[in-house]
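[1] What follows is a predicted structure for the sequence shown.
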Amino acid sequence: MEFKGVRVGQAVTFVDSLSRRNDALVTAVHGWNSADEWVENLLEQARKAQDSGVSWATDEYIANLQTDAFKAQWRIPSINAVYVSTDESKTDPYGRQLETRPTSVPHQSNQTAHGYYWVNL
């Protein structure tokens, strides 16, 4: 399945460390939604650095950023999320409580462990 991006407020599935699936909402995105978006951001930074005379921002470095081999290093971004407790005893006058907010959660494609990742619905 092709990755189409993730944004704050989007519904996703968060799989916790015990492999339980939870409906969740994205509260932050750490990274870029495509290799092209990632490379454009890096190119902008490199060109600004080059204009400032920074030594690492060479023409060779900038050319390397635009290669297919470099773009292949891009990964689906990590997220922060929030989800409602599945424990019915965790309620208060406002309804079911929120669980501790998982942070820096990698996408399933970037996680080798059996849990603590997110996937698109």
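    Structure's in. What do you need?

[2] Now do the same contact list for residue 21.
    By Cβ atoms under 8 Å, 6 or more residues apart in numbering, the contact set of residue 21 is 13, 14, 15. Just so you know, the C-beta spots here come from the backbone N, C-alpha and C atoms, and that holds for glycine as well.

[3] Are we agreed that residue 73 is in a helix?
    No - for residue 73, which was evaluated using DSSP: H, G, I helix; E, B strand; the rest coil, the result is coil, with no helix membership.

[4] and the protein, what are its domains?
    In the domain annotation for the chain, the residue ranges read 1-33+76-121, 35-73 (automatic domain parsing).

[5] would you list the contacts of residue 21 in CSV and tack on pLDDT, distance to residue 47 and secondary structure?
    Shown next, in CSV, are the contacts of residue 21 (pLDDT from 0 to 100; distance: Cβ to Cβ, whole Å; DSSP: H, G, I helix; E, B strand; the rest coil):
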residue, pLDDT, distance to residue 47, secondary structure
13, 96, 39, strand
14, 96, 37, strand
15, 95, 39, strand
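
[6] Pick out whichever of those residues sits closest to residue 26.
    Sorting the contacts of residue 21 by how near they are to residue 26, with Cβ to Cβ, puts residue 14 at the top with 9.4 Å.
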